[in-house]
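Visitor: Pasted the sequence and its predicted model underneath.
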Amino acid sequence: MNRRRFVQVLLGTSLLSSYAAQALMLEGNGDFIMAIFPGTGAKDIDSRLFADYTHPLTAALAAKVGHKVYAESYRSFSLIKNVIDNGRADLLLVPPTLAVVAMQHGYEPVVRSKDYLSGVMIKRKGETVKRIAMTGADSWPGLMGRYLLAERKLGPSSMIESVKNQEAVVFLLEQKAVQAGVLATYKANAMIATGQYEAWYPLTSTPGFTLLLHNKLMAKYAEPVSQTMLSLSAPAIDGLQTLIPATIKQFVPCGRQDYEILKKIVAAT
C-alpha cells in the first residue's frame, strides 16, 4: 500500500472509531454510517481490506446522497444487535434474520439481494443421527435449522450442537463428532461431493442480505439509496461478494411484506 493510501485507511479507521457511538445522519452530523454484518460463513478480513472492498459501494452511495458514507464491519451478533437496538447506524447491510430485528427498531428495508438464501441439513451416510451441528439461533442457518428440527419433529433441541460458525459445523462433521449438520447450500454441496454425506432436508429459503435505512431518513434518502443499490458497478458488487459468502449478484427492491414468513419463523423458534 502506498503512503497516501495508508494514511487514508488510518484516518478512516480513526473516524469510524470516533463516530461509532452514534449514527452520523441521525445525530445531524451530515454523514452516513453503514454497519455491515457479513454472516457466520464469512472469512476474517482486516480493516484495510474491508475499506478497499467497500470503497466502490460507499463512493457510489456518497455520490448519490450528497454525503460521505463510512462503512463499519461487525462480526459479532451482540455488537451488531447493540448497533441496531441503539440506532448507531444510518444504514445496515445484514442477513435477513437481523433485518427482521432491525424492522422492530426503527429501520426499513430498501433493497435485498436478488438471490434467496438457501441451505441444507446434511447427514453422514448410513449413520443414525444423534447430534446435529449448527450455528446459533441468531444466524440464518441456525434459525432455519432449529425451525426444521421442530417442524419435521426430527428430535429434541438437546440434539443440537451449537457452534460459532459454519467452519465449525464442517469440522465436527469431519471429526465424526456429530452425524448431521446445517450448512449453506454451497458448503453442503461441497461436503456431499466427497461421497460421505447426503442431503437430509432442505431449509426453507428466504430473502437474502438486505440493506435497511433508518425510518427517520426514509423520506429524503430512500430513493437515492435504492437507485444506487439497484445500479451498482461491477467493482462494488465484487467487493461485497468478497465480504459476503451468500450470492450477491444484484439487488432488487423490497418491503416488509417480503419478510413475513421469516418473521413467523423467528417468532416460532
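Guide: In hand now; what should we look at? Numbers count the residues shown, from 1 in each chain.

Visitor: can we go C-alpha only for contacts and neighbour counts from here?
Guide: Fine.

Visitor: CA atoms only for the host helix or strand of Val111, dumped as PDB, please.
Guide: Using DSSP states H and E, Val111 sits in strand 107-113. Extracted C-alpha coordinates of strand 107-113, given in PDB (Å, rounded to 0.1, in the frame of the first residue of the first chain):
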ATOM      1  CA  TYR A 107     -35.200   0.600  10.300                       C
ATOM      2  CA  GLU A 108     -37.000   0.000   7.000                       C
ATOM      3  CA  PRO A 109     -35.900  -2.500   4.200                       C
ATOM      4  CA  VAL A 110     -34.900  -0.700   0.900                       C
ATOM      5  CA  VAL A 111     -33.300  -3.400  -1.300                       C
ATOM      6  CA  ARG A 112     -32.300  -7.000  -0.900                       C
ATOM      7  CA  SER A 113     -30.000  -9.400  -2.800                       C
END
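
Visitor: For it, which helices and strands make contact with it?
Guide: Helices and strands touching strand 107-113, by 3 or more C-alpha pairs under 8 Å, 6 or more residues apart in numbering; DSSP states H and E, are helix 96-103, strand 210-214, helix 218-230, strand 251-253.

Visitor: contacts for the first one?
Guide: The set of residues that contact helix 96-103 without belonging to it, under C-alpha atoms under 8 Å, 6 or more residues apart in numbering, is 81, 84-85, 108-109, 138-140, 206-210, 212, 256, 259, 262-263, 266.

Visitor: most neighbours per residue, which of the helices and strands packed on strand 107-113?
Guide: strand 210-214 (a mean of 27; mean count of other C-alpha atoms under 10 Å).

Visitor: From the contact counts, what lies against it?
Guide: Packing partners of strand 210-214 (3+ C-alpha pairs under 8 Å, 6+ apart): strand 91-94, helix 96-103, strand 107-113.
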